[in-house]
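**Q** just coords:
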Ligand SMILES: NC(=O)CC(=O)C(=O)O
């Protein structure tokens, strides 16, 4: 299975964001990718006041990515977008997974919301505008078990453990818009830890650079193997990295160092 992680600088113009994502999907498909991962909020990352109305999964954004998956014949994990839910004041932050024919295979709604106050650095209250999901999701991608998470979820190891054990995940994906301030110290450490402790591949696709109003994202999208080795990483700025996943490596590590099997709790 060849996996592409795509890094974007999504901003306040939804159509421009979709076009930028499509051009990376095209490049990934041309590089032979079977599975393409986009970052969190691939539809819109800008001021709340200018945001297009949230949509259902078959609205403009969902239909656009379904068509892109079908046109290029790839599995597409469309980062996340602003999904309309029952609460008129809050959206869901939702990942959509499309198969090679553009059929919706799974949807995951971000469970852990980024409510953080780091004086002078980060002030963010995601729960004011986003409602949390409550369902862990694992999707079968042609025999590869893929566990879905989004950004701040990365700090909650119990979710990943559940995806790997109850859900049987072999690849854990993390579409993200990780902040620069926290990302430079925590991003790679957390991704590698989730890979090592769950003996899974981890694919992480981040937003990069500046986004209004005053948000800077860390980027450094990467693919990590179950030993914790970073197999590939996207440099600063929009771009992608394409890497083959070898499940033999995962199986060997799980036999040689059977920490998942040795769990006591
Ligand atoms: N932006 C996020 O949801 C999370 C983040 O930046 C962090 O955990 O740090």
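**A** Noted; the coordinates are in hand. Being a predicted model, the structure only gives us computed values, none of them experimental.

**Q** which stretches in the stretch 101-250 of the chain count as helices?
**A** 157-165, 180-198, 247-256 (DSSP state H, counting those that start in this stretch).

**Q** quick check: residues of the stretch 51-200 of the chain near the ligand?
**A** Selection of the stretch 51-200 of the chain residues close to the ligand by CB under 6 Å from any ligand atom yields 114, 151-152, 155, 177-179, 182. Quick note: C-beta positions are derived from backbone N, CA and C, even for glycine.

**Q** in a markdown table: those, plus pLDDT.
**A** Shown next, in a markdown table, are these (pLDDT from 0 to 100):
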| residue | pLDDT |
| --- | --- |
| 114 | 97 |
| 151 | 98 |
| 152 | 98 |
| 155 | 98 |
| 177 | 98 |
| 178 | 97 |
| 179 | 95 |
| 182 | 96 |
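
**Q** the residues you listed: which two are farthest apart?
**A** Within those, two members stand farthest from each other by CB to CB: 155 and 177, at 14.2 Å.

**Q** which of those two has more residues huddled nearby?
**A** Neighbours around residue 155 and residue 177, counted as other CB atoms under 10 Å, are more numerous at residue 177. The numbers are 27 against 13.

**Q** you'd agree the more buried one is up against residue 217?
**A** Yes - using CB atoms under 8 Å, residue 177 makes contact with residue 217 at a distance of 5.1 Å.

**Q** what do these two both touch?
**A** Counting by CB atoms under 8 Å, 6 or more residues apart in numbering, the shared contacts of residue 177 and residue 217 are 206-207, 211.

**Q** make TSV from the residues you listed and add distance to residue 53, neighbour count and pLDDT to it.
**A** Output for the shared contacts of residue 177 and residue 217, formatted as TSV (distance: CB to CB, whole Å; neighbours: other CB atoms under 10 Å; pLDDT from 0 to 100):
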residue	distance to residue 53	neighbour count	pLDDT
206	26	26	98
207	22	30	98
211	20	20	91
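
**Q** among those, which lie within strands?
**A** Among the shared contacts of residue 177 and residue 217, the ones falling in strands (DSSP state E) are 206, 211.

**Q** what is the end-to-end distance of stretch 244-262?
**A** 28 Å (CA to CA, to the nearest Å).

**Q** for residue 120, give me the pLDDT.
**A** Looking at residue 120, its pLDDT is 88.

**Q** that older thread, can you turn the buried part of the residues of the stretch 51-200 of the chain next to the ligand into a ChimeraX selection?
**A** Typed into ChimeraX, the line below selects the buried ones among these, using 16 or more other CB atoms under 10 Å:
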select :114,151,152,177,178,179,182
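
**Q** I'd like the residues of the stretch 51-200 of the chain next to the ligand as CSV, with distance to residue 132 appended.
**A** Listed next are these as CSV, based on distance: CB to CB, whole Å:
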residue, distance to residue 132
114, 11
151, 13
152, 11
155, 14
177, 17
178, 18
179, 19
182, 20
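
**Q** let me know the secondary structure of residue 17.
**A** Secondary structure for residue 17, judged by DSSP: H, G, I helix; E, B strand; the rest coil, is helix.

**Q** can you tell me the element the closest residue to it other than its chain neighbours falls in?
**A** Leaving aside its sequence neighbours, residue 17 sits nearest to residue 10 (CB to CB, 6 or more residues apart in numbering; 4.3 Å). Under the criterion of DSSP states H and E, residue 10 resides outside all helices and strands.
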